[in-house]
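> Got a predicted model here, sequence first, then my questions.
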Amino acid sequence: MTVQHNLKEQLVNDFNNYEAGLNGDAKSELHRIRKNAIDSFAQKGFPTTQLEDWKYTNLNSLAKKSFQSNFTTNKQPTSIDISKFLIPDLKANMLVFENGWYREDLSTIIDEAEGLVIGNLSKAFKYAPQLISDHFTKYADHTNEAMVALNTGLAQDGLFVHIPDKHVLAHPVYVLQIANTEKGATIASPRSLIIGGENSQAKVLQHFVSLNETAESFSNSVIEIYAGTSSRIDHFIVQDEAATATNLTETQTYLSKQSHIHCHNYSLEGGLIRNKTNMVIADEHSEAHMYGAYVLNENQHADNRSLVDHSSANAFSQELYKGVLGGKSKGVFNGRIMVRRDAQKTNAYQTNRNILVSDDAQIFTKPQLEIFADDVRCSHGCTIGQLDEEAIFYLRSRGLSLKQAKTYLLKAFVGEVVLKVGIEPLKDYLIEKIDEKIKGMMV
Amino acid sequence: MLKIENLKAQVEESGLEILKGINLEINAGEVHAIMGPNGSGKSTLASVLSGKETYEVTGGTVNLNGEDLLDLDPEERAWAGLFLAFQYPVEIPGVSIANFIRTAINAKRENAGLELMNAKDFLLKIREKAAMLEIDPKFMQRAVNEGFSGGEKKRNEILQMAMLEPKFSILDETDSGLDIDALKVVANGVNKLKSAENATLIITHYQRLLDYIVPDFVHILYNGRIVKSGGKELALELEEKGYDWIKEEVPAASH
Ligand SMILES: Nc1ncnc2c1ncn2[C@@H]1O[C@H](COP(=O)(O)OP(=O)(O)O)[C@@H](O)[C@H]1O
Ligand SMILES: [Mg+2]
């Protein structure tokens, strides 16, 4: 019998080796943060299913496999044909990341303005020290969350977007996050920091894809979004990776006064997916919107969790997540709404609807309302069901075959969420992808 | 066009017999009306004709233009030219009326091996039909029946009928829930769609609609059987005497 690998020890060792090779940089504030984060990860280890937050997502077998950490960027980047991943007709500022590292050679930035930065973190560490020290690691909690800690310790690069005050970004930011495992199983730590200044507006789309599926990829991603006063940020995550991929994504947002954040999440392909979206309502008259859809088949697993933390009064939040589950797939939805004592006049709504199209598919859905203020309006609704027979008959009576009728109804079911996507080419792309996938599920 | 002989059907689950031997023959170019009190089996007849699996046919035959209808799946019946305007149309959030109708047209075309209808031709056609039925073009972009008033649902059914151009249409209580103006619009549409090649079966329990769509024949369905047939004057007689007249007469007639 071979000795079991211990991924935690390996990654902590990798970090120590990397640290030993640093010169003066080891004394930097940035390194101090990373060191603290790795220490915190070393102490906690990979989350286990004992933790309520990880009850349904088991990382146990993953934690016994070896994954290359990549502390340094490839000096001679290999050429990658990204054309197959692109979203047709999307005109955008495009940034390509390979295993979390920026590939400037493959990226194209089209919008320019005074104070506008659309680029990568390792550059921002040097050239935007004030913004970094004001915002970087200020929202995602690397002292309590092991996977956030691991990301914070390992990430050397990532996305950096700063929208200056009063600026409305002309084109979306399109981030292509490529998992490349041509050198074997690899762990990547995609990191993002998006800062919206006062009265600014921007749309950011992160598209997770796999270049190959010969070896396992493990993407442990953390996204921090700060919305300044009266700003609006739309953030989209599209997960479309190989069946051999694990994708853990933590999105941590902060809403200032009168700001709006819309977070969308679409889980299409990938083996093991877990998303955690935290919205912190820090000031009044802000709005948090969350939309998501997961269309799962075969042995796919997708765990979607959210927490809306209403810590300020007079704010609004709503969430709509829908799931279609076929094959032996497993879905999880856990929506937590916390209304703190001072958050009077809060309006918070949440809906999660699921349709199971196979007997072997499973869904665990749970709303969690924790309300400590008395003058609030909150509601939630979770449903799990099959397709409506009356509706199927209605469509068949109009000439759709049984299979067409089911496919059509499922498309319509998910469509309710996808129609909220405010980037037209992305909406069309998602509709087509989802149609394709649903057709494949109807066997 | 349509020939129903001694049709018997029961609720699949409970075995409750609802249709107890229906006979009816409808020719091309004709409009027939079936009237009868609530619970007499009118909607069940419509459902059985369109192939709803909730009901089990226990006897009899139905023939549409030479084809044995009872052998076909619901979609095959639609391809054969059957159309049912539902008494209670289903809501389908997330789908526009236009997209829904185009999908239906193309499903039929695909089955017939015909070229699919392109967006432009479709638009021209639906605009023309909508104008004929006095329907606002914006209506077609709304989600199918979602939050519709009774009148809007029925209008949507008639629009679908106009677009799908069936040979044989069944309108189940298309008048219920309509105010007089909506009723006139719907009736007007049905009259315009009438031709020598198609036929219509109107199900209603008020005679009101028949003021606007004049039937060639009227049948009275009671307790799962057609107990009386006649010309359009039968509807007036029924209106005058009320359903109690039938209820009193029938036990004698059917025992
Ligand atoms: N699916 C069903 N299950 C049980 N009873 C049914 C079902 N469908 C119809 N019925 C019964 O059959 C009778 C006829 O119903 P229906 O055809 O809807 O009448 P109508 O349309 O003439 O008002 C009613 O008594 C009704 O309750
Ligand atoms: Mg009825």
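That came through fine. Ligands and ions are numbered 1, 2, ... in the order given.

> Quick one: residues contacting residue 53.
The chain I'm using is chain A. A:P47, A:K276, A:R305 (Cβ atoms under 8 Å, 6 or more residues apart in numbering or on different chains). Where you see a C-beta, it was placed from the backbone N, CA and C, and this is true even at glycine.

> oops, chain B please
A:F393, B:E12.

> What pLDDT does the model give it?
At B:E53, the pLDDT value in this model is 93.

> Ok, B:A253 next?
46.

> and what of A:F41?
At A:F41, pLDDT is 98.

> That one looks like it's in a strand, true?
No. Going by DSSP: H, G, I helix; E, B strand; the rest coil, the assignment for A:F41 is helix, not a strand.

> Around the nearest residue to it once chain neighbours are set aside, count how many other residues there are.
Spatial nearest neighbour of A:F41, excluding adjacent residues (Cβ to Cβ, 6 or more residues apart in numbering or on different chains): A:A149 at 4.1 Å. Per other Cβ atoms under 10 Å in any protein chain shown, the neighbour tally for A:A149 reads 25.

> what does B:V31 give?
23.

> That one and chain A: what is the separation?
21 Å (Cβ to the nearest Cβ, to the nearest Å).

> Please verify my assumption that that residue contacts B:Y212.
No. Contact criterion Cβ atoms under 8 Å: B:V31 and B:Y212 do not qualify, at 11.4 Å.

> Okay, helices next: where are they in the stretch 51-200 of chain A?
A:121-127, A:129-135, A:146-154 (DSSP state H, counting those that start in this stretch).

> helices or strands up against the longest one?
When contacts are defined as 3 or more Cβ pairs under 8 Å, 6 or more residues apart in numbering or on different chains; DSSP states H and E, helix A:146-154 sits against helix A:7-20, helix A:29-44, strand A:217-227, strand A:245-255.

> and among the helices of the stretch 51-200 of chain A, the most buried is which?
Neighbour counts (mean count of other Cβ atoms under 10 Å in any protein chain shown) averaged over each of those peak at helix A:146-154, with a mean of 26.

> quick check, nearest of the contacts of A:D53 to ligand 2?
Of all these, ligand 2 sits closest to A:R305, with 46.8 Å by Cβ to the ion.

> quick one: that closest one is in a strand?
Yes. Counting by three-state DSSP, A:R305 is part of a strand.

> Give me the neighbour count for it.
A:R305: 21 neighbours (other Cβ under 10 Å).

> can you pull the contacts of it?
Here A:R305 is in contact with A:D53, A:R274, A:N275, A:K276, A:T277, A:V332, A:F333, A:N334, A:G335, A:R336 (Cβ under 8 Å, 6+ apart).

> Who does it form a beta bridge with?
A:K276, A:N334 (DSSP bridges).

> Also A:P367?
A:G335.

> quick one: low-confidence ranges for the chain?
Going with chain A. Scanning chain A for pLDDT under 70 picks out the ranges A:1-2, A:73-75.

> I was after chain B.
Judged by pLDDT under 70, the stretches of chain B that qualify are B:250-255.

> Strands along that one, start to end?
In chain B, the segments counted as strands under DSSP state E are B:2-11, B:17-26, B:31-35, B:55-64, B:67-68, B:82-85, B:92-96, B:143-144, B:168-172, B:199-204, B:217-222, B:225-230.

> could I get these as CSV with distance to A:E432?
What follows is the strands of chain B, written out as CSV (distance: least, Cβ to Cβ, whole Å):
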stretch, distance to A:E432
strand B:2-11, 41
strand B:17-26, 44
strand B:31-35, 44
strand B:55-64, 38
strand B:67-68, 37
strand B:82-85, 31
strand B:92-96, 16
strand B:143-144, 20
strand B:168-172, 35
strand B:199-204, 40
strand B:217-222, 48
strand B:225-230, 51
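
> which of the ones you listed is buried the deepest?
The most buried one of the strands of chain B (mean count of other Cβ under 10 Å) is strand B:82-85, showing a mean of 26.

> so does that strand get close to ligand 2?
No. Judged by Cβ under 5 Å from the ion, strand B:82-85 stays clear of ligand 2, getting no closer than 11.8 Å.

> what's next to that strand, contact-wise?
A:397, B:46-47, B:49-50, B:64, B:69, B:154, B:157-158, B:160-161, B:164, B:166-172, B:174.

> mind listing what the closest residue to A:P172 other than its chain neighbours touches?
With Cβ to Cβ, 6+ apart as the criterion, A:P172 has its nearest non-adjacent residue at 4.1 Å, and that residue is A:K203. By Cβ under 8 Å, 6+ apart, the residues touching A:K203 are A:L169, A:P172, A:V173, A:I233, A:D234, A:H235, A:F236, A:G422, A:I423.
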